[in-house]
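*Asks:* quick check, what structure comes out for this input:
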Amino acid sequence: MILIMLQLVWKLLVIIGFQLKLLIEQIQFIDKQVKECETKIKELMKKIDSPITTIPCIGAVARKMCNIIYAVLKNHTPYEVPKQ
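*Replies:* Below is the predicted model of the structure:
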């Protein structure tokens, strides 16, 4: 009886270990995708050269928000100079 329970526990541990391995691989894959997206966004924002990123006191988090605002608005030309 004890041997059967030990075998069952071992099988459960193997299954849990396998699931954890898959979850770690999924997290690593998603992390890689996020980094690729962030790199692409930076490249596009440099190419666009939008005045929205010239607002004083914009940190990294706020700069990402500017990128989102820019993507939502899409119209970045109503002003002639960034100070407007």
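
*Asks:* tell me the secondary structure at residue 64.
*Replies:* The three-state assignment at residue 64 reads helix, by DSSP: H, G, I helix; E, B strand; the rest coil.

*Asks:* and the pLDDT at it?
*Replies:* Note for residue 64: predicted pLDDT of 70.

*Asks:* that one: neighbour count?
*Replies:* Close neighbours of residue 64, defined as other Cβ atoms under 10 Å, add up to 15. C-beta here means a position set from N, CA and C on the backbone, and glycine is covered the same way.

*Asks:* what do you get for residue 67?
*Replies:* Neighbours of residue 67 using other Cβ under 10 Å come to 19.

*Asks:* that one contacts residue 45, doesn't it?
*Replies:* Yes. Between residue 67 and residue 45 a contact is recorded at 5.8 Å, counting by Cβ atoms under 8 Å.

*Asks:* give me the domain ranges for this protein.
*Replies:* 1-48, 49-84 (automatic domain parsing).

*Asks:* which of those has the lowest mean pLDDT?
*Replies:* Taking the mean pLDDT of those, domain 49-84 comes last: a mean of 64.

*Asks:* the helices in the chain, which residues?
*Replies:* 2-48, 60-73 (DSSP state H).

*Asks:* which secondary structure elements does the longest one contact?
*Replies:* Okay, so that is helix 2-48. helix 60-73 (3 or more Cβ pairs under 8 Å, 6 or more residues apart in numbering; DSSP states H and E).

*Asks:* again, only using 6 Å
*Replies:* Under the contact criterion of 3 or more Cβ pairs under 6 Å, 6 or more residues apart in numbering; DSSP states H and E, helix 2-48 touches no helix or strand at all.

*Asks:* any idea how far residue 10 is from residue 22?
*Replies:* 19 Å (Cβ to Cβ, to the nearest Å).

*Asks:* ugh, wrong one, residue 70
*Replies:* For residue 70 relative to residue 22 (Cβ to Cβ), the value is 37 Å.

*Asks:* looking at the two, which one has more neighbours?
*Replies:* residue 70 (19 against 10).
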